[in-house]
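1. Task: produce atomic coordinates for the following.
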Amino acid sequence: MTDSTPAPDPGPVGETRSSWRDLPLDQQAAAWETAVPGSAERMLRQIEADYEHRRWMDRVEVRFRIFGAVVAGTGITGVFWLTKYLVDHDAPGFAAGVFGASIAAFAGLVLRRDRPGQ
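-> I've put the predicted structure just below:
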């Protein structure tokens, strides 16, 4: 028995970081230049602008990741200090609850599977 249904489409291919695929072939550029003078130059300027934009976005992403790491480190340090404070002031049960809930929340953030690009 054969299945006549077509195989599912794997979906769109992820965006590549290379702009070489955006460059036109020399025949295409010559045809565009013949049809509309100056069009090849405008297209190449747009490809260069897109490349610069991608570089800028990569730098912004790195800054956001660094900021996130600093905020996470500060939060974890705060949880440890709060737990120590509660234990020192005779509230070990409450300290265990705060610590356990914080670890569970942190694990949920780190281990989530719906991250874009992964």
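2. drop to CA atoms for contacts and neighbour counts, all remaining ones
-> OK.
3. Send over stretch 62-70 as CSV, restricted to the C-alpha atoms.
-> Output in CSV follows, covering the C-alpha atoms of stretch 62-70 (Å, rounded to 0.1, in the frame of the first residue of the first chain):
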residue,chain,number,x,y,z
VAL,A,62,25.7,41.5,21.6
ARG,A,63,24.9,44.5,23.8
PHE,A,64,21.6,43.1,24.7
ARG,A,65,23.1,39.8,25.6
ILE,A,66,25.7,41.4,27.8
PHE,A,67,23.1,43.5,29.5
GLY,A,68,21.0,40.4,30.1
ALA,A,69,24.0,38.6,31.6
VAL,A,70,24.6,41.5,34.0
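4. can you list the weak-confidence ranges in this structure?
-> 1-24, 113-118 (pLDDT under 70).
5. the longest helix in this protein is where?
-> Under DSSP state H, the helix in the chain containing the largest number of residues is helix 39-88.
6. Next, the angle helix 39-88 makes with the helix or strand residue 31 falls within.
-> Assigning secondary structure by DSSP states H and E places residue 31 in helix 26-35. With axes from the mean of the first three to the mean of the last three Cα atoms, to 10 degrees as the basis, helix 26-35 and helix 39-88 are set at 120 degrees to each other.
7. Residue 58 and residue 51, how far apart?
-> 11 Å (Cα to Cα, to the nearest Å).
8. before we move on, what about residue 41?
-> Per Cα to Cα, residue 41 is found 15 Å from residue 51.
9. So between the two, which is more surrounded?
-> For residue 41 versus residue 51, the count of surrounding residues by other Cα atoms under 10 Å is larger for residue 51: 16 against 13.
10. how much space between that one and residue 39?
-> Distance from residue 51 to residue 39, by Cα to Cα: 18 Å.
11. what number of residues lie near residue 83?
-> 20.
12. Verify the contact between it and residue 101 for me.
-> No - between residue 83 and residue 101 there is no contact under Cα atoms under 8 Å: 11.4 Å.
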